[in-house]
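K.L.:
got a structure for you, letters missing:
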């Protein structure tokens with residue numbers, strides 16, 4: 001168990017068990033419990049945004065090639081720094097790279113089930129992915145759940161951490177609104193191999209599929225979603241904070257689902273192809289906060305994540 005996981009187990013006001021005692025039991029120093037990590041410098045935030053822009057154009061770039069491209073653009077930066085920032089952003093080149101990192105050792109990895117499968121109907125396969133969203137003095141992570149056949153975005157969440165919680169919230173919202181798919185496909189990220197996420201899929205009786213490592217194109221449609229979102233919304237607005245990011249993303253996803261036709265869908269919008277309109281509890285809510293009873297229970301956690309950004 002990592003130090004971060006042990007730290008998350010500590011409860012400040014646990015009856016009969018002081019903070020000092022909890023820290024000793026979990027082999028964590030009190031100073032590390034109270035430590036608040038510093039955010040990235042403005043220089044690094046600007047560099048992360050540039051790396052993200054380049055990665056949208058060249059998704060096959062690893063850290064070595066990214067450094068070369070940055071140097072050609074006049075940005076003098078070392079590979080160690082670029083590699084650290086790309087890991088922080090969750091960026092991995094699409095080629096099959098050496099296994100320099102592995103999924104959480106305690107988490108099971110599932111086989112890829114979509115090879116040569118004809119995916120041609122709603123709720124046959126859903127997929128999910130996480131991307132980096134830059135804001136003025138920091139960054140957020142965005143998870144989206146999409147119906148593979150129709151490209152319909154079923155749910156999404158923003159968070160300032162890469163834990164599994166916001167992914168589980170998005171999954172539960174999608175299941176509550178749209179039923180369940182036959183297969184759910186993700187990459188091998190620890191958020192999607194976590195016990196909570198896998199447990200929610202198992203409880204719903206959903207078959208689990210996972211991309212091979214370094215095979216970002218196995219989830220091609222949601223990768224295209226990220227590209228469109230960033231070129232058409234994120235990089236056209238000044239995202240000053242989490243609330244502005246929430247509003248911009250909510251408006252664009254509403255447009256994408258209900259107004260934007262796709263040639264691959266015979267000129268229909270994703271919502272038309274899926275056979276659904278934009279959920280009523282997301283309409284007339286520019287901040288994208290849900291009003292359904294189930295979603296309202298999850299709302300405080302989502303607001304707290306955004307406020308902490």
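P.N.:
That came in fine, so what should we check first? Here the structure is a predicted model, which is why all the values come from computation and not from measurement.
K.L.:
use CA for all of it now, contacts and neighbours both
P.N.:
OK.
K.L.:
could I get the phi/psi values of residue 161?
P.N.:
Per-residue torsions, residue 161: phi -130, psi 160 (degrees, to the nearest 10).
K.L.:
not counting its neighbours along the chain, what's nearest it?
P.N.:
Residue nearest to residue 161 in three dimensions, not counting chain neighbours: residue 141, with 6.8 Å by CA to CA, 6 or more residues apart in numbering.
K.L.:
quick one, helices of the stretch 1-150 of the chain?
P.N.:
3-8, 19-25, 30-34, 42-57, 63-72, 79-89 (DSSP state H, counting those that start in this stretch).
K.L.:
list the buried residues in stretch 122-142.
P.N.:
122-135, 138-142 (16 or more other CA atoms under 10 Å).
K.L.:
typo on my end, it should be stretch 219-237
P.N.:
Buried residues in stretch 219-237, counted by 16+ other CA under 10 Å: 219, 221-223, 225-227, 229-230, 233-234.
K.L.:
just put those residues in a markdown table and tack on pLDDT.
P.N.:
Shown next, in a markdown table, are the buried residues of stretch 219-237 (pLDDT from 0 to 100):
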| residue | pLDDT |
| --- | --- |
| 219 | 70 |
| 221 | 85 |
| 222 | 88 |
| 223 | 85 |
| 225 | 93 |
| 226 | 92 |
| 227 | 89 |
| 229 | 94 |
| 230 | 91 |
| 233 | 91 |
| 234 | 91 |
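K.L.:
just to revisit the earlier point, for the residue nearest to residue 161, give me its contacts.
P.N.:
By CA atoms under 8 Å, 6 or more residues apart in numbering, residue 141 lies in contact with 130-133, 158-162.
K.L.:
surely residue 156 is in a helix?
P.N.:
No: Residue 156: not assigned to a helix; according to DSSP: H, G, I helix; E, B strand; the rest coil it is strand.
K.L.:
count of neighbours near it?
P.N.:
Residue 156 has 24 neighbours, counted by other CA atoms under 10 Å.
K.L.:
was I right about it contacting residue 144?
P.N.:
Yes: assessed by CA atoms under 8 Å, residue 156 is found in contact with residue 144 at 4.2 Å.
K.L.:
what's the helix or strand for residue 240?
P.N.:
Taking DSSP states H and E as the definition, residue 240 sits outside all helices and strands.
K.L.:
can I get the helices of the stretch 1-150 of the chain in TSV including distance to residue 199 and mean neighbour count?
P.N.:
Putting the helices of the stretch 1-150 of the chain into TSV (distance: least, CA to CA, whole Å; neighbours: other CA atoms under 10 Å) gives the following:
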stretch	distance to residue 199	mean neighbour count
helix 3-8	18	13
helix 19-25	27	15
helix 30-34	29	12
helix 42-57	32	16
helix 63-72	34	16
helix 79-89	26	16
